[in-house]
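Chemist: A predicted structure for the sequence below; I have some questions about it.
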Amino acid sequence: MNGEPAVAAGVRRKLRVGVLATAVTVALALLCCVGGAGAFFLTELGGDRDDPELAALTCDPAYRVNLTGDMPRFAEYGEAQLRNAAVIIKVGQDMKVPARGWVIALATAMQESALRNLANSTVPASLALPHEGVGADHDSLGLFQQRPGWGSVEQRMTPSYTARKFYQKMVKVPNWQQRPLTVVAQRVQVSAFPDAYAKHEELAGRIVDALAGGAARTVEIAGRAVCDAAAGARIAASGWTAPLPGGVVSGFRTAARPSHDGVDLAAEKRTPIHAASAGRVLVARCDPDRSGRRDCDRDGWPNKGGCGWFVDILHAGGFITRYCHMIERPRVTPGQAVEAGEVIGLSGSSGNSSGPHLHFEVHNSGDRSSRGAEDPLPFMRKRGAPLGKSE
């Protein structure tokens, strides 16, 4: 959208396996967004993410959280609270729960107890159980504020026990890795304030990263942790995924295109576009062009104006993602809840475009305007769902 035609005369796709690097040169002609012409060389087009060699791109999958060593520093939590977080993560590792589950469990405990092992008046003094505060709920105990049906008083005051019980119930939630953290946590906890879990998701991911070697920026393939490989329907532990596997062919607010509020991703017509994270659809419609017409059911052209068929999705933390130039009416409607990786439409060239691709934007603070736009490349890479690189 609003960009230049990008004719990629040479495309390099690099696949690094362990310490070995192989390069495959791919030549293709690619017409991209509107403006002046330019040649782009992609260092990471993305390609077929189902390649079995991808499993060799490990991110130290054997890294074990350390329960006794020095804890990282977070302004929000003290050392004892972070050790409780480490226990939650270790139990998830021992149970072979994917790293996305560690983030969900941690965010839940952050809301329920602020990562403190809370006692209450039902705990007999004779048990002499270690605790770090007294909870407000008369019969809820421990890190997850579990009620009597979860176990005995002693069990519910044992962090490793409560974490295990949480995971056992969490993994039974259908599609738990793709669904919003709030939905999954609520299915386990049945809280009176189900939306409260969402505010802890990003910090929970950062704590998991700090305690478990960047685990919140990985995806799981065949039971192995894989660094920065989220694409299509593969969901990183952070809850994000790349909207499609194509590499970046036009960047964010470049010198040549300072008003380009997103990045353009290489894609042939009718490539499935995935929701980058779970959320709620704000907009799904045909964007009018400069003349005010809504004629998105055909290819666009340079300087036509408008996003064509497009979708805006609101995610936890107030982030909004935008997907432009779809070939036909989106597969979602305003107000609809979508899961991470769900197909929301097909790529095309409607609107202000000279060739098929996906224009992808990220906005913060719930601001859909240009003021709220930020560079999608570092944003997505930080969340383990990189969009590829351009030179």
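Modeler: Noted; the coordinates are in hand.
Chemist: Quick check: phi and psi at the residue minimising distance to the centre of the chain.
Modeler: The residue lying closest to the centre of the chain (CA atoms, centre = their mean) is Trp240, at 1.3 Å. The phi/psi pair for Trp240 (degrees, to the nearest 10) reads phi -110, psi 160.
Chemist: tell me which element Ile207 falls in.
Modeler: helix 201-211 (DSSP states H and E).
Chemist: An error on my part: the question was meant for Leu82.
Modeler: Counting by DSSP H and E, Leu82 is found in helix 79-94.
Chemist: Report the angle between that helix and helix 201-211.
Modeler: Counting by axes from the mean of the first three to the mean of the last three CA atoms, to 10 degrees, helix 79-94 lies at 80 degrees to helix 201-211.
Chemist: on that earlier part again, same for the helix holding Ile207, what does it pack against?
Modeler: With contacts taken as 3 or more CB pairs under 8 Å, 6 or more residues apart in numbering; DSSP states H and E, helix 201-211 sits against helix 79-94, helix 99-113. Backbone N, C-alpha and C define where each C-beta goes, glycine included.
Chemist: Out of those helices, which gets nearest to Val332?
Modeler: When the helices and strands packed on helix 201-211 are compared for distance to Val332 using CB to CB, the nearest one is helix 99-113, at 22.5 Å.
Chemist: immediately after that closest one, which helix or strand?
Modeler: helix 153-156.
Chemist: quick one: contacts of the helix or strand just after that next one?
Modeler: Sequence order places helix 159-170 as the next helix or strand after helix 153-156, per DSSP H and E. Where contact means CB atoms under 8 Å, 6 or more residues apart in numbering, the residues beyond helix 159-170 that reach it are 84, 87-88, 90-92, 95, 97, 101, 104-105, 108-109, 117, 142-144, 146, 150-151, 155-156, 176, 184, 187-188.
Chemist: try stretch 371-379
Modeler: 248, 251-253, 261-263, 320, 360-366, 386-387, 389.
Chemist: what pLDDT, on average, does that stretch get?
Modeler: Across stretch 371-379, pLDDT averages out at 96.
Chemist: where's the residue nearest to the centre of the chain relative to Val153, distance?
Modeler: According to CB to CB, to the nearest Å, Trp240 and Val153 sit 39 Å apart.
Chemist: Then Ile104?
Modeler: Counting by CB to CB, the gap from Ile104 to Val153 is 25 Å.
Chemist: Neighbour count for the two, which is higher?
Modeler: Ile104 (32 against 18; other CB atoms under 10 Å).
Chemist: quick revisit: could you turn the buried ones of the contacts of stretch 371-379 into a PyMOL selection?
Modeler: Applying 16 or more other CB atoms under 10 Å to those, the buried members can be selected in PyMOL as follows:
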select buried, resi 248+251+252+253+261+262+263+320+360+361+362+363+386+387+389
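Chemist: Just to be sure, which of the contacts of stretch 371-379 are found in helices?
Modeler: If you go by DSSP state H, the contacts of stretch 371-379 have nothing in helices.
Chemist: I figured the residue nearest to the centre of the chain hits Ala275, correct?
Modeler: No. Trp240 lies out of contact with Ala275 (CB atoms under 8 Å); the separation is 9.7 Å.
Chemist: Need the overlap of contacts for these two.
Modeler: Ala340.
Chemist: for Ala216, helix, strand, or coil?
Modeler: Here Ala216 is helix, with the state taken from DSSP: H, G, I helix; E, B strand; the rest coil.
Chemist: Can you get me a residue count around it?
Modeler: Neighbours of Ala216 (other CB under 10 Å): 29.
Chemist: Ok, His325 next?
Modeler: Using other CB under 10 Å, His325 has 33 neighbouring residues.
Chemist: related to what we said a few turns ago, just the buried residues of the contacts of helix 159-170.
Modeler: 84, 87-88, 90-92, 97, 101, 104-105, 108-109, 117, 142-144, 146, 150-151, 155-156, 176, 184, 187-188.
Chemist: partners of Val263 in the sheet?
Modeler: Listed beta-bridge partners, Val263: Phe360 (assigned using DSSP bridges).
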